[in-house]
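In: below are the sequence and a predicted model for it; my questions follow.
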Amino acid sequence: MFDPFDSSFALTLLGWWLAGFLGGLHCLGMCGGLAAALGLNAVAGRRVALLLAANLGRLASYVAIGTVLGGLAGAVAWLPAAARLQTLLFLLSQLLVILLGLYLAGWSPLLARLERIGGTLWRRLQPRFAALLPLRSLPAAFAAGGLWGWLPCGLVYTAATGALAGGSAARGALVMLAFGLGTLPNLLAMGAAAGQLRRLRDRRGIRLAAGGLLVALALAELLRWAAHQVA
């Protein structure tokens, strides 16, 4: 059985960190408005600390998602078809990474359509998010970030399939943490310099490079899987 989370788990985590980092251009579109709103609505003089707290809250939500999804996969590991299901989830996660790369490069809109799935949940959470603004305390910033983590996002959905494929709560949590840490540089910078980063996002060459690297990353993982199959 091919297990992408066994002997090379560190490489798997690095891959999800890179997916989060390279997918940051997508984050600038989806989460950029929220990051800028948090930065602009933070109490003067404490903006950096409050933005950090908000992003820690976001990462906490990602880890919670990964823990639950990985735990669910681990709970059914005794089923005869569990190994096959884990492999299918791995292949699905890599397919979604490819779709993300194609979306960033402007070659396919399919990933954007997936983001509508969580729209109903976010419409319920958004008023609670807005009620925490302006950010005045670290606990309020952390709570706002925790809600932010549930924003409908194809990039998060992609990482969530990787957490499911992990097959355990611990590995699912680590996948989502690695992914979240990859998104962190872009979103921290977005909270402080929204206009400049939006202009960077709109450069065609940068979008093509990021999208191409994501597709290459997924294809490398699929080649590793294929090599294992014939070994």
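Out: Noted; the coordinates are in hand.
In: output the lowest mean pLDDT helix or strand found in this protein.
Out: In the chain, the helix or strand scored least confidently by mean pLDDT, DSSP states H and E is helix 194-201, which has a mean of 53.
In: what element comes up after that one heading to the C-terminus?
Out: Following the chain from helix 194-201 toward its C-terminal end, the next helix or strand by DSSP states H and E is helix 204-230.
In: which other helices and strands does that next one contact?
Out: Using 3 or more Cβ pairs under 8 Å, 6 or more residues apart in numbering; DSSP states H and E as the contact definition, the elements that helix 204-230 packs against are helix 9-22, helix 24-30, helix 82-104. In this view, the C-beta of every residue, glycine as well, is placed from N, C-alpha and C.
In: give me the average confidence score over the shortest one.
Out: Right, the one you point to is helix 24-30. For helix 24-30, the per-residue pLDDT values average out at 63.
In: try stretch 65-84
Out: Mean pLDDT, stretch 65-84: 86.
In: and it, what's buried?
Out: Using 16 or more other Cβ atoms under 10 Å as the burial criterion, the residues of stretch 65-84 that qualify are 65-71, 73-74, 82.
In: packing partners of the top helix by length along the chain?
Out: Across the chain, the helix with the greatest residue count (assigned by DSSP state H) is helix 47-75. Counting contacts by 3+ Cβ pairs under 8 Å, 6+ apart, helix 47-75 packs against helix 32-40, helix 82-104, helix 138-148, helix 154-166, helix 169-192.
In: contacts only, for the residue nearest the centre of the chain.
Out: Centroid-nearest residue in the chain: residue 156, 3.5 Å away (criterion: Cα atoms, centre = their mean). Residues touching residue 156, when contacts are defined by Cβ atoms under 8 Å, 6 or more residues apart in numbering, comprise 62, 65, 149, 179.
In: now swap in residue 68 and tell me
Out: Under the criterion of Cβ under 8 Å, 6+ apart, the neighbours of residue 68 are 169, 172.
In: against residue 143, how distant is it?
Out: From residue 68 over to residue 143 the distance is 19 Å, taken as Cβ to Cβ, to the nearest Å.
In: just residue 22 next, same as before
Out: Looking at residue 22 against residue 143, where the rule is Cβ to Cβ, the gap reads 29 Å.
In: which one of these two has more residues nearby?
Out: residue 22 (25 against 19; other Cβ atoms under 10 Å).
In: endpoint to endpoint, stretch 99-112 covers what distance?
Out: Taking Cα to Cα, to the nearest Å as the measure, stretch 99-112 stretches 9 Å from start to finish.
In: where in the chain is pLDDT low?
Out: Low-confidence segments of the chain (pLDDT under 70): 1-7, 25-45, 115, 118, 190-204, 231.
In: if we go to 80?
Out: Residues of the chain that meet the criterion pLDDT under 80 lie in 1-9, 23-48, 77-83, 104-106, 108-122, 133-135, 152, 186-207, 228-231.
In: which pair in the buried residues of stretch 65-84 spans the largest distance?
Out: Spatial extent of these (Cβ to Cβ) is set by the pair 65 and 82 at 20.6 Å.
In: list the contacts for the closest residue to residue 142 other than its chain neighbours?
Out: In space, not counting the residues next to it along the chain, residue 142 is nearest to residue 57; the distance is 4.0 Å by Cβ to Cβ, 6 or more residues apart in numbering. For residue 57, the residues meeting the contact criterion (Cβ under 8 Å, 6+ apart) are 141-149.
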